[in-house]
Every structure is written in C-alpha cells, then in structure tokens.
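Q: Sequence plus predicted model, see below.
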Amino acid sequence: MTDRAVLRTGEFDLEDMPASRWREAALLVLAGLIILVNHVALVVARDRPWTSLWPVGVWAGCAVVGHAVLNRRLPRRDPLLFPLAMFLTGWGLNLIDRLVPSYADRQTLWLVVGVAALLAVSFLPRDLRWLSRYRYTWLIGGLALLGITILIGENPSSTGPRLWLWLGFGRVYYQPSELLKIVLVVFLASFFADHQRYMRTDTIRVWRWRVPSPAFLAPVLLMWGVCMVVLVWQRDLGTATLFFVVFMFMLYLTSGQALLLVGGAVLLLAAAAAAYTQFDVVTLRVDVWADPWSTADSDAYQIVQSLMAVAAGGVFGQGIAQGQPTIIPVVHSDFAFAAVAEEWGLVGTITIVATLAVIVVRGLSIAARTRFVFRSLLASGLSMMLAVQSLLIMGGVLRIVPLTGVTLPFVSYGGSSLLTSFVIAGLLLVLSTDERMPV
Amino acid sequence: MTRELKWVALAALLCFGVVTIGAAYWAVVRADSLRERSDNARNVIAEQRIRRGAILDRDGEQLAYSEVTETGLARRVYPYPQAAAPVGYYSVTYGTAGIEAAFDADLRGDDQASAWRDLVDDLLHRAPQGSDVRSTVDLDVQLAASEAFGSHSGAVVVAHVPSGRVLAMVSQPNYDPNQLDAAWETLARDVETSPLLNRATAGQYQPGGALQTVVLAAMLAAQPDLSRQGGYVLNSEVPDVDTPVRVNGLELTCLPGTPSRPLTLAEAYLFGCPAPFARAMESGLTPGHLWERLDALGLLTSPVLSGFTTAAGSPPPLLHDETPSEELVAALTGQGDLTVTPLQMLQVIAAIANQGNAVPLHLVDAVRAPGSGEWESLELPARRPALLRADVASAVRLTMLQASAQSPYVSQARLGDLVIYGHSALAYGGPDATPYVWFAGFADVTESDQPEAVAVVVVIESEDDPALAAQVAGAALAAAVGVE
C-alpha cells in the first residue's frame, strides 16, 4: 500500500523515495549493530548474564515498529532524523546501563514512551494548523504548569532545584520546563509568523541602522520576563539561557535584523551579571568556571573530575565499562558527555557532536525548504532548541562555558528530557514531509 | 529567511566545531597534566588493580599476599603481623616499607613483560601481575623471637652464618600492617615510641658494654704474636678490675652479680667490667688501631642488607693520638658519640662466628615471575672480606664460649644442650641515660667440616636486667637450631 501511495504522489521525487526509505533502514541497522556491540562488550566486561541484553531488544523493537509506522504515516519524511535520534538514544541506554544499572529499566521504558510519542505526533493532522490556532491555549497551559511547579514542585533526589511534578504514581516525575520548550517554540513560531510582514517593514532608524519598531519590544520583554521567572524562582540557569537564546534566534530569523541579536546578547549578559551578584548558585557556577583548579577538591570537584575523565579517555577511549567515569557525581545526567569521552574517547565525542550537528542541520534545512513561515519558524526553533541545549551542556562539561544543569538530548538519563526530544524529532519528521500533500 | 537560516546553521556548526576543539584540547593537549594530577583518583584505582606478588617465608608460607575484592581491586593481606619488621607494609596512601619497599618493582611487576605484552595488557585492561618474592625469614624463628620479646621495646635480629640469611627480625613497638591506613595518624604521630621505625635496621642505639667485644678484638689484634701471647692476655689477672669508670656524668660498673675476687681480662669481658677496656690504651692499643677496627667491622658505615637501604649513625669524630683522654674513655666504653644499629652488631657477631669473615646479610633470596613455577635466585655480593684475623676471631669466640659457662646472664640463653657463645651488656642512652640491655652471640651448628652458626643480637630498651635479652636470644636460637 505504501508503494501505491508513492505512485499516487507521482510529481515529487518518484525515484528518490524508496531509496531514502532504504537509507533509513540501513542507518537503523548500522546504529543497532553499534549499540549491540557496545552492550555485548558491557555484558562481557561486567560478567553479566546474557539476558541483560534485553534493552537492546527493546530498542530494536522500537526501531522496527517506528520505521514501519513512519513508512505508513510519513512516507516522504527526512530519512536521517529517526535513525540518528535512535542511535543517540541507544548509545544513551548503553551508557546508563553501564553507569547506573538500576536506572536502565526506567530509561528503556522512557524510550518506549518516547517512540510512542513520536509516532503519536505522526498520527496528528499533518498541516499542524491546530498547533498554531490554539497558541494561547498552549502558552497559558505551559505557563500554568510552570507556575504549579514553582508552587508545589519537588526534586526526586530530594535535594537540588525543585523542577519536577509528581505524576501521582510510583516514582514517576515530570519536568514541566521540558514541555515548555516545545510550547514556547510553537507559540513564538505562530506569533512571529502572523506578524512577520510588519516586523520586516515597520522599522525605525537609529542613527545609521534600521531596527524594528519598538512595538516589537513587547514580545522580547515578555520572553525575557518568562526566562527571569525561571531563573529567579527555580534557579534554573540552563533552561533560562536556553529559552532566551532560542527566542533571540527566532526573532532574528523573523525580522532579519542581526542587530537584535546584539541587543539580546546585551540583555543576556546584563541578566547574567545581575544573577552573578544576586544568586549564590550562579556566582558559584561562574567562579568555578573561571578558576576550577583552586577549588578542585570542593566547589569545582565535579568539573575537574569531568575534565580528568575526558583526559583519561584520550583519543580512542578506555572502552565501555573500562574507565572510571562514576567518580564524577551525577555523571548519568549532567555529565553523560564526559562519560562518553572517557570510555569512547575523542572518537566517541566527535561522533556525538557530529550526530547532533547533522540533526540540527537537517532541521534547519527542513525550515529552509518549506514555504510556510509558521512551519519554517517551528522547524528552526525546535532545531535550535536541540542545538543550544546540546551546546550548553557539552560546553559546560568541557569548561567552555559555565556549567548549566541541562541534559544532553537523547543521551542523558531522564524521562522528561527524552520524551521532549522525541516529540521534537516527531514534529521535525512531520514538518519534513511536503505540506502540499493531501492529508 | 533562507539567508538568515544559512547564518544560523553556520553559527551552530561553528559552535559544534568549538565543542570538538574543546574536547580535543582536554583529551589530547592537556591530557597528560590532568592524568598526573595527584587528586586524579584513576591513579589510585590503577594502583589498586595491580595484583601484587606475594611475600613468602623460606618454606613458602605466605607473609603477605594480595586478595582481589568484588570490585576488581586488590587488597593487601598480612597473615602474620608479627613479621611486620622484615615484610613491611604496602599502602596506596602511605607508601611502602620493608621488603614491600625494597622489592617494590618486582612485586608490582614493573619491567617484566615486553613492551608488546605491556601494550596488549593495557589495551585489554588486564590487571598487572607482580612477581612473588621469597624471603629468608623463617616464620618459626620469627614467631618464637616475637613471642619471647613480649611487650618490651627494642629489636631482635637472627641470621644464619655463613649464608647470611636473616631468619628473623623483630622491632617493637610493632604495628599491624593490615590496619595501617586506619591507624596511620596515630602510628606516624607517635614520636615517643615510633612504631613505624624498624629498630633492627634503623634504630640508633648506644652500644655501651656491647662494644667490649669490638674493643677486645682490637686489643687482641694489637698483640704482635697472638698465638703465644693471646692466652696470657686473656687469662692474666687485671688490677683494679671493678673500679667504676666515670664518663659523661655516668658511673659505669661491672654487671650486677660479679664476684668480688680478682678477675682475668676474659672474666672482665664476661662480667661486663668496663675498667680494663677503658684502660685499653695503656696495654698497647692506639686510638688509630681502635678507629681502624670500628671501621673494618662496619660500625662506621651502613651495613649491607641486599636490596635494602639501611642506616648507620652519624660517624663519631675521628680518633687519633691527640684525642682527649675523656673522649677516648667514652669511645672505649661505648658511651661516646658512636651509635650502632642491631644489624651492625649482627654483622660483627656473624664475622666472629665465621672465622672473621663477613657474611652477606640478606632478607630475600629469590623471585618468581607471575605464572612461572621457577624461582630465580638473587645474586649476592661475591666479596666476603675478612673483618677480623682468623686467630683474633677464634680468641674472641673462645671468650664468648667461656661467658656462656660463667656469666649469670649469658647462661640464660642456653636452652637444653644448645652450645651458646655470647655476651651480655648494659648501655645508657639518651640525655636521661635510659638503660638498655644487649645480648650478642651465636649458636654453633656445624655438622660437617663446613662451619655453620646462627647469630643473634637483642637489644631491649628501658630495662637494666641483661638476663631479659639473653632469654629472648635463647628462645630465638632454639627455634632456629631446631630447624637448622
């Protein structure tokens, strides 16, 4: 039946389509082999029973079902996004089963939930107008969740920022700021798409430059306000920075005014400077980034241990379960990238960086191909969300920027994060199919 | 918008590039300095993964071995804490001592495998294997000496002559090497008793009366024709033999229990009377001779214990004809600047037992590579210099034999029909003149034409009963001879 669907859509890339589908299948098989080899090595190194290979089986099931369902629902999708996301998630499973075996079950379960969510997105109306039409509903819902978290949020490990909501059963928590990532991008893409024409034309002159009229300052300030709320009430430096940077890029894409980026950077630095003087947690993070060596045994312990893990990995790494990344506190979430560096070496880190870069570039090229401003802004915003989040945590682990506690998309432990990443991947897949196709 | 998207994509790729460069910077450029940091726990873990070789006694009993825990790390076990003086300790935090230190490279397995093998092992993360080390310690002798020593402070060292195998080495107060890490703060801070100091090899003791053996040898060596005059020198009565000798504010006398009758030089030696020795310069001995003898017997230099670093006290000022007589008297009575270690004394006694020839003292005699059943013997110094003339050694030996018959103290070292050669002495050490008791002697165990003996030196701190040291020596010798 899928073949007939291909024939029906005749005018587009008739020859290309089966080839791209085979490409996705081939990439999934390749990813599966790498993940299997890693897990076999883990089982051998740790003397575990062979039955402990089951997460790889679950992964393979998700890959097969995902590939089959996507073939039916989105036959003209981007062939790289799904296998690359699955590759990173499978690698993350290897890593979590190696670092904290007791969390492997839960992460595998979240993989199933994530893939299910991705496929669910593919079953929703493909023109995505429903997202745009109810943008205020989404935004208010998202902000309300954030407000509830500020009021009654908890931390599953009972210390640290209270960013989670208990879902009412077991030890299952959800982090609403993860959902807010998608909601904010949807809202902004919709808002900017409606106002793009004015933002491009309604400009004023400031000395030699043309800048959008001050009327557009309102959304900037609103967004900045949301970020400040996240920062002040939740001390969540990473998410606040992430929201703001993605927002600034979307504003730039809409208006075409590079000067806005400069203004945004100034605002960001101002907020950072204020936070540095006001909040101990920010002061600590920045001081530790500027000079980790003098407090290597106390405040900077985590980052110095992270750098030692990277050094221990060298070019080719120690091999799975052969290094000592567990010396780094909470290595499975914030420092997953350092664990990859120790056990898979520079080869592994470059692979992760390249995979994420390809996902982001594919997302941006989807944005470039579409003719609809909303879809374009949505695709680029979601891609930038993944890009900035990856860069913040990888840069933090490598002491390029101050450390912010965000997760590495697809790889780190954490259900909320994995679910969000898969929903983003699902939306990008939907956006990658041609919108002129009748639904 | 396509133009802007291109810029954004370019910026994102640039940032991903910076991350890659950052990873390469820490993983390659700065890797070595990070790996070498002292707070890098990986170094400790790598150290703990080493399957250190075992240390065995001469019969193959394990004195130290490494046990692999569930985590894959090795833990060092010492089944006989009484053997801590020769075996020493191994601690990731606090380093090594004893055989653990002297044969560290063998026990760790450094430089055994080829570079290729090292590379393969490293790639496969195989835990490094060290060689086993066979010590000359005889566990029976070690335990007997340790038990006989009780809770006293001081040292015992026992060696086989002429092989030079050290059979036992006790240093007290002791420590349990199994509990070293937990007890380190107390052990290291205890300057009063210094439990970590190996008193047998490094304890600096005032020789006191124990130096009489050396002075006697020097007096005999100064005789032009010992074969004719030796008996005369040793067996003629000495005038004023029990006169106390004053030196550095101390009044030195014969040992308690000395009969109040005229004594010969040999009897003065066996009763520990200082007067004849303090007056040695009057009977032909010169300061130069004495210095030469101290030097020849190795009391001015660190003794050789193969593979070990041993200690000697700072050498006293050179004795010569112009040396003031008080200093000469102090030197002759062992209460001067010279201090000796029990191992140095053992070297002297072993030479006397060995016809004046030095014995190659050693504590380890073979090493066995991992996976190999073959013990590879260690080379010992080939030179066995004569420390004493054979006739001088023989005369001293006879005097020591006489002591075991007559001295109320030396005779306490005799157990059963064991023939003992010995000398008991008192010394006063430190600013508050704490008394020490010494015993130095040997048991002749010659069975065929090749002379054999077991030599022993005992020093007990803060005691003034020489019988205590003789009893410890007797127990150690009995255990050793039972085996020999």
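A: Great, that's in hand.

Q: can you pull out the strands in the stretch 301-450 of chain B?
A: B:364-368, B:376-377, B:420-429, B:434-444 (DSSP state E, counting those that start in this stretch).

Q: What is the burial count for B:Glu36?
A: Neighbour count for B:Glu36, taken as other Cβ atoms under 10 Å in any protein chain shown: 10. Glycine gets a C-beta too; all of them are placed from N, C-alpha and C.

Q: does the closest residue in space to it that isn't next to it in sequence sit in a helix or strand, and which one?
A: Leaving aside its sequence neighbours, B:Glu36 sits nearest to B:Asn43 (Cβ to Cβ, 6 or more residues apart in numbering or on different chains; 7.9 Å). B:Asn43 belongs to helix B:41-49 when assigned by DSSP states H and E.

Q: Spell out which residues of chain B are next to chain A.
A: Applying Cβ under 8 Å from any Cβ of the partner chain, one finds that chain B approaches chain A through B:1-9, B:12-13, B:15-16, B:18-20, B:22-28, B:30-32, B:34-35, B:37, B:39-42, B:45, B:125.

Q: do that again at 7 Å, thanks
A: Those residues of chain B that sit near chain A, judged by Cβ under 7 Å from any Cβ of the partner chain, are B:1-2, B:4-5, B:8-9, B:12-13, B:15-16, B:18-20, B:22-24, B:26-28, B:30-31, B:34-35, B:37, B:39-42, B:45, B:125.

Q: ok now do whichever residue of the stretch 101-250 of chain B sits closest to chain A, which residues does it touch?
A: With Cβ to the nearest Cβ, the shortest gap between the stretch 101-250 of chain B and chain A falls at B:His125, namely 4.8 Å. Contacts for B:His125 (Cβ atoms under 7 Å, 6 or more residues apart in numbering or on different chains) come out as A:Gly319, A:Gln322.

Q: what about it, is that helix, strand or coil?
A: Classification of B:His125 by DSSP: H, G, I helix; E, B strand; the rest coil places it in coil.

Q: Which pLDDT value does the model give it?
A: For B:His125, the model assigns a pLDDT of 78.

Q: B:Gly154 is nearest to which of the strands of the stretch 301-450 of chain B?
A: Closest of the strands of the stretch 301-450 of chain B to B:Gly154 is strand B:434-444, at 7.4 Å (criterion: Cβ to Cβ).

Q: Nearest approach to A:His67 belongs to which of the strands of the stretch 301-450 of chain B?
A: Across the strands of the stretch 301-450 of chain B, A:His67 has its closest neighbour in strand B:364-368 (59.5 Å, Cβ to Cβ).

Q: In contact with A:Phe337: list those residues for me.
A: For A:Phe337, the contact set (Cβ under 7 Å, 6+ apart) comprises A:Thr349, A:Ile352, A:Ile393, A:Met394, A:Val397, A:Leu408.

Q: Grab the two from these that are most spread out in space.
A: Within these, two members stand farthest from each other by Cβ to Cβ: A:Thr349 and A:Ile393, at 12.4 Å.

Q: what's the neighbour count on A:Ala275?
A: So A:Ala275, with other Cβ under 10 Å, has 20 neighbours.

Q: Tell me the secondary structure at B:Asp110.
A: coil.

Q: tell me, what residue is most central in the chain?
A: Let's take chain A. A:Leu386 (3.6 Å; Cα atoms, centre = their mean).

Q: wrong chain, I was asking about chain B
A: B:Thr201 (2.8 Å).

Q: Tell me, what's the model's pLDDT at that one?
A: So, for B:Thr201, pLDDT stands at 90.

Q: Surely it touches B:Leu346?
A: No: with contact defined as Cβ atoms under 7 Å, B:Thr201 does not count as touching B:Leu346 (10.0 Å).

Q: number of nearby residues for the residue nearest to B:Leu338 when sequence neighbours are not counted?
A: Sequence neighbours aside, B:Pro316 is the residue nearest to B:Leu338 in space, at 4.5 Å (criterion: Cβ to Cβ, 6+ apart). For B:Pro316, the neighbour count with other Cβ under 10 Å is 17.

Q: what sits against B:Pro316?
A: Counted by Cβ under 7 Å, 6+ apart, B:Pro316 has contacts B:Ala331, B:Gly336, B:Asp337, B:Leu338.

Q: quick revisit: turn the strands of the stretch 301-450 of chain B into CSV, columns for mean neighbour count.
A: As requested, the strands of the stretch 301-450 of chain B are arranged in CSV below (neighbours: other Cβ atoms under 10 Å in any protein chain shown):
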stretch, mean neighbour count
strand B:364-368, 20
strand B:376-377, 10
strand B:420-429, 25
strand B:434-444, 26
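
Q: Next, format these as JSON lines and append mean pLDDT and distance to B:Ser325.
A: Formatted as JSON lines, the strands of the stretch 301-450 of chain B follow (pLDDT from 0 to 100; distance: least, Cβ to Cβ, whole Å):
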{"stretch": "strand B:364-368", "mean pLDDT": "91", "distance to B:Ser325": "46"}
{"stretch": "strand B:376-377", "mean pLDDT": "89", "distance to B:Ser325": "51"}
{"stretch": "strand B:420-429", "mean pLDDT": "90", "distance to B:Ser325": "20"}
{"stretch": "strand B:434-444", "mean pLDDT": "91", "distance to B:Ser325": "25"}
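
Q: and A:Leu139, which of these is closest to it?
A: strand B:364-368 (76.1 Å).

Q: Test my guess that B:Ala440 contacts B:Gln347.
A: No: using Cβ under 7 Å, B:Ala440 is not in contact with B:Gln347; the gap is 10.7 Å.

Q: what ranges do the strands span in the stretch 201-350 of chain A?
A: Going by DSSP E, counting those that start in this stretch, the stretch 201-350 of chain A shows strands at A:203-206, A:209-212.
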